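> how would this look folded up:
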Amino acid sequence: MNIAGIMSRIAAELALFAGAGFLLFAINDVLVDFIYFTRRLWRGLTVYTRYPRAFASYFVFRKDPGFRAILVPAWDESAVIAPMLMAMLDRLDYDNFRIFVGQYRNDPATAAAIASVDDPRVEPVVVDADGPTTKAAYGAALLWSQIWLAEALGAPLDTRLDPTLVTLLTINAWLLAWRIVMRAYFTASAYGTKEGLLSVPRMFIGNVIAVLAAARAISLHMGGGAKRWDKTDHMFPAELPQ
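As a prediction, the model looks like this:
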């Protein structure tokens, strides 16, 4: 078997492995949905016929909503952290809370910006480490298609898909459709029809970003350098919508 055939076989095995993995995750999602709808039906028939429904607004607007802790990690955010905190303090409609703002010991500009917000509800928390450190760790597996591989190697390959892989892809496609419907349904329930429809392209864009982030994480890891927070520049709007 030549190199093209070997790489084709490896790609096929990786595709089967990935398909099986996606299937397991999808089954997990379906089980969660099943539990949710079963519980919702059960409570509708047995609980809510005897007791009134409880809503989040009950806890927000009651006289004593309880203590709230808000955690804000910050690295190199001196340009936006102060106005963000002041806007948060102005907009929160109850007082029993604290905002714990994390800052690195080697980020004096952000520390000064946090200190400029003179409010006892803002608590700076100094991280005893030089930033930036790891924000998140991602794992990824990259698959090459047999056709692309054949073109790259200049060799013709048999591109017929394994029947098991075809079955996996078909099942995963239906489960993906179910996940998209559920995502749109729950988003629309909370934020309206428009946001529900927008959740569909956002899912695609989010996955593209995740793949690119995973590829970058792998390249940084393979390069042997320090695992550091990949900083994103933020801008706070001069005027906030009312």
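> check contacts around the residue nearest in space to the middle of the chain.
The centre of the chain sits closest to residue 206, judged by C-alpha atoms, centre = their mean, with a distance of 8.0 Å. By C-beta atoms under 8 Å, 6 or more residues apart in numbering, the contact list for residue 206 is empty. In short, each C-beta sits where N, CA and C put it, glycine included.
> Domain ranges for this structure, per the record?
Domain ranges of the chain: 3-33+145-223, 76-131, per automatic domain parsing.
> out of the ones you listed, deepest packed?
Comparing these by mean neighbour count (mean count of other C-beta atoms under 10 Å), domain 76-131 ranks first with a mean of 15.
> pLDDT score for residue 185?
Looking at residue 185, its pLDDT reads 92.
> how much space is there between the closest residue to it other than its chain neighbours and residue 188?
Spatial nearest neighbour of residue 185, chain neighbours left out: residue 196 (6.9 Å); criterion: C-beta to C-beta, 6 or more residues apart in numbering. Using C-beta to C-beta, to the nearest Å, one gets 3 Å for the distance from residue 196 to residue 188.
> related to what we said a few turns ago, what residues are up against the residue nearest to residue 185?
So residue 196 contacts 184-185, 187-189 (C-beta under 8 Å, 6+ apart).
> rerun that using 10 Å as the cut-off
183-190 (C-beta atoms under 10 Å, 6 or more residues apart in numbering).
> As a markdown table, the domains of the chain with distance to residue 52 would be great.
As requested, the domains of the chain are arranged in a markdown table below (distance: least, C-beta to C-beta, whole Å):
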| stretch | distance to residue 52 |
| --- | --- |
| domain 3-33+145-223 | 20 |
| domain 76-131 | 23 |
